[in-house]
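Participant: Provide a 3D model corresponding to the input given below.
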Amino acid sequence: MAGNVTVRRARTEDICRLAEWNAQLIRDERNDGPARTDELGSRLTEWLAKEYRASVFEVDGAPFGYALYRELPECVHLRHFFVAPGLRRQGLGRRAFEALRRESFPPDKRVIVEVLVWNEAGTAFWKRAGFTARYLGLTMPPA
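Facilitator: Below you'll find the predicted structure:
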């Protein structure tokens, strides 16, 4: 899709949209976490009041996704990265990530992103963006 992709800092009035997008992200990646939009909005508000930052992606002024991230001493932890389903596989996500990294992340820090192992589309996207596997985290459900 042609168009000018920009990244802007999320504002308080974006929280409802971010929570809706977060719920969609949870569904898309088949995450086993909670997906109630009101709870996600509260959680996002709390995180943004502390160490996280959020950015909204726009193409020609129309919002189409977001990122949630925090800067740690050794890296930037990219916790959420979402592109609206109808706008995927058009290069917008790649362009949004490139702009985000260029404008919001310190150039001397590596970026860490976590992908659920069954999320093949997410893994493929990040590999195309230049990420490589570094570790595999394992979990065990409660007894």
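
Participant: would you list every one of the helices in this protein?
Facilitator: 15-28, 37-49, 92-104, 120-128 (DSSP state H).

Participant: In a markdown table, list those helices along with distance to residue 81 and mean pLDDT.
Facilitator: For the C-beta atoms, the positions are set from N, CA and C on the backbone; glycine is no exception. What follows is these, written out as a markdown table (distance: least, Cβ to Cβ, whole Å; pLDDT from 0 to 100):
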| stretch | distance to residue 81 | mean pLDDT |
| --- | --- | --- |
| helix 15-28 | 8 | 90 |
| helix 37-49 | 14 | 88 |
| helix 92-104 | 7 | 95 |
| helix 120-128 | 8 | 92 |
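
Participant: among those helices, which is nearest residue 143?
Facilitator: With distances scored as Cβ to Cβ, the stretch of the helices of the chain nearest to residue 143 is helix 15-28 (25.3 Å).

Participant: angle of the closest one against helix 37-49?
Facilitator: Per axes from the mean of the first three to the mean of the last three Cα atoms, to 10 degrees, the angle that helix 15-28 makes with helix 37-49 is 110 degrees.
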